[in-house]
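Q: This is the structure alone, sequence omitted:
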């Protein structure tokens, strides 16, 4: 297996496992999670309510039991667009290829336990893509303006990092372009920064510090401030998990509290996830989505250990599935496919009726073609630069 294939499979499966585990605890507090499950969650668990079909406020979705959620469904759709085009994407690709997948190709939806359109599963912030691009005929580069500002674009941006492997700035620029069709403000910014972090993580010999440097190199406004806050808060964390030894439950709770306290000033949702603040999810220069800095803080606390970081995200609660997606993708990008627990992945693929590994291989195939074309363009550009550097223009403008 090539490096690129291994890392592509790692990132895609690493994110999907985090998604499936975190879906079962999404929306709840750490204390509620421990009460419901008799302690901290340590793997795949069942739905919050056994009678999930009738439960509120999360019905009719069967979250838990190893079911992937819309994070992975949207990631798969974006992978399919890359596989079709075999080139870098922009906002127009979202309108021309991603939206038709959402409304025109039924597929198995694990949480609905039926075949349905992707549009029927995604949250309102993702339905926005269809409303604006398909029905509204809005300029794709501006269609994200007016949407609620959340992690909806960032949650499926990992493939952008893979097609820009080793080039965080390129990943940021591409993600900012294509997600302009979906998000604005700090929601769009988070997609760019997350893609940059994935691009940094899959470079050969990359370290967690390289990922942090890449994030700070591209991040702006409240997103940059929130990332800095969690790095400062967790940098001095003395829990045993920071040294590669499993942390105690009390240390895990301390880490989660430290991360939440660091993120809180920048998170517009507010202290109660199910009862949002009046200014929640509105554009801002000073705010950040919670998911990305929380993911960074938790994986820093565990120094990039996959199991520790993902389970920390699952037990963090709130938007646990998306936090675990981001932590899982970056950890797997750094460590390779071998760090994604096979027992979890096998059960999730079976429960979700989805070959997640195949999605990773499809992503690798597309990324290989895209990176090969990048190399050819870079060599052509280098030749052009050499020619410009060698040109003699001393006689330009002189009289005959």
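A: Right, received. Where do you want to start? Here the structure is a predicted model, which is why all the values come from computation and not from measurement.
Q: roughly how far apart are residue 319 and residue 49?
A: 19 Å (CB to CB, to the nearest Å). The C-beta positions use only the backbone N, C-alpha and C, and glycine is treated the same way.
Q: which one of the two has more residues nearby?
A: A direct count of neighbours by other CB atoms under 10 Å for residue 319 and residue 49 places residue 319 higher, at 23 against 15.
Q: Report whether the expected contact of that one with residue 281 is present.
A: No. Residue 319 lies out of contact with residue 281 (CB atoms under 8 Å); the separation is 11.7 Å.
Q: tell me the centre residue of this protein?
A: residue 155 (3.6 Å; CA atoms, centre = their mean).
Q: next one: phi and psi at it?
A: phi -60, psi -20 (degrees, to the nearest 10).
Q: longest single helix anywhere in the chain?
A: Assignment by DSSP state H gives helix 356-390 as the longest helix of the chain.
Q: buried stuff in that one?
A: Buried residues in helix 356-390, counted by 16 or more other CB atoms under 10 Å: 356-357, 359-371, 374.
Q: how about the helices in the stretch 151-300 of the chain?
A: With DSSP state H, counting those that start in this stretch as the criterion, the stretch 151-300 of the chain has helices at 158-162, 168-178, 185-201, 208-218, 221-235, 249-263, 291-301.
Q: how about TSV for the ones you listed, with mean neighbour count, distance to residue 349 and mean pLDDT added?
A: Shown next, in TSV, are the helices of the stretch 151-300 of the chain (neighbours: other CB atoms under 10 Å; distance: least, CB to CB, whole Å; pLDDT from 0 to 100):
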stretch	mean neighbour count	distance to residue 349	mean pLDDT
helix 158-162	32	18	98
helix 168-178	24	27	98
helix 185-201	30	22	98
helix 208-218	19	27	98
helix 221-235	20	32	96
helix 249-263	19	28	97
helix 291-301	30	23	97
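Q: Out of the ones you listed, flag the one nearest residue 378.
A: Residue 378 lies closest to helix 168-178 among the helices of the stretch 151-300 of the chain, at 10.9 Å (CB to CB).
Q: burial count for residue 96?
A: Residue 96: 15 neighbours (other CB under 10 Å).
Q: ignore the last one, residue 273
A: Residue 273 has 18 nearby residues by other CB under 10 Å.
Q: Hmm, it is touching residue 317, no?
A: Yes. In this structure, residue 273 is within contact of residue 317 by CB under 8 Å, at 7.4 Å.
Q: Pull up the overlap in contacts between those two.
A: 27, 28, 29 (CB atoms under 8 Å, 6 or more residues apart in numbering).
Q: Ranking by neighbours, what's the top pick from the residues you listed?
A: residue 28 (20 neighbours).
Q: distance between the ends of stretch 331-347?
A: With CA to CA, to the nearest Å applied, stretch 331-347 spans 20 Å between its terminal residues.
Q: Please compute how far that stretch lies from its chain's middle.
A: 16 Å (CA atoms, centre = their mean, to the nearest Å).
Q: got it, and stretch 319-331?
A: 7 Å.
Q: can you check stretch 375-386 too?
A: Distance, centroid of stretch 375-386 to centroid of chain: 32 Å (CA atoms, centre = their mean).
Q: again, but for stretch 209-220
A: The answer for stretch 209-220 is 15 Å, by CA atoms, centre = their mean.
Q: Then stretch 115-126?
A: 18 Å.
Q: Residue 127: which of the helices of the stretch 151-300 of the chain is closest?
A: Of these, nearest to residue 127 by CB to CB is helix 185-201, at 15.0 Å.
Q: Tell me, what's the model's pLDDT at residue 385?
A: According to the prediction, residue 385 has pLDDT 95.
Q: Ignore what I typed, I meant residue 393.
A: Reported pLDDT for residue 393: 65.
Q: and what of the one 4 residues further on?
A: The confidence metric pLDDT takes the value 55 at residue 397.
Q: same question, residue 55
A: 85.
Q: which residues does it contact?
A: 47, 48, 49 are the contacts of residue 55 under CB under 8 Å, 6+ apart.
Q: quick one, phi psi at the first one?
A: Right, the one you point to is residue 47. phi -60, psi 160.
Q: The nearest residue to it once chain neighbours are set aside and residue 298: what is the separation?
A: Spatial nearest neighbour of residue 47, excluding adjacent residues (CB to CB, 6 or more residues apart in numbering): residue 64 at 4.0 Å. Using CB to CB, residue 64 is found at 20 Å from residue 298.
Q: Likewise for residue 320?
A: For residue 320 relative to residue 298 (CB to CB), the value is 11 Å.
Q: Overlap of the contact sets of the two?
A: Once CB under 8 Å, 6+ apart is applied, the residues that residue 320 and residue 298 both contact turn out to be residue 313.
Q: Thanks again, I'm all set now.
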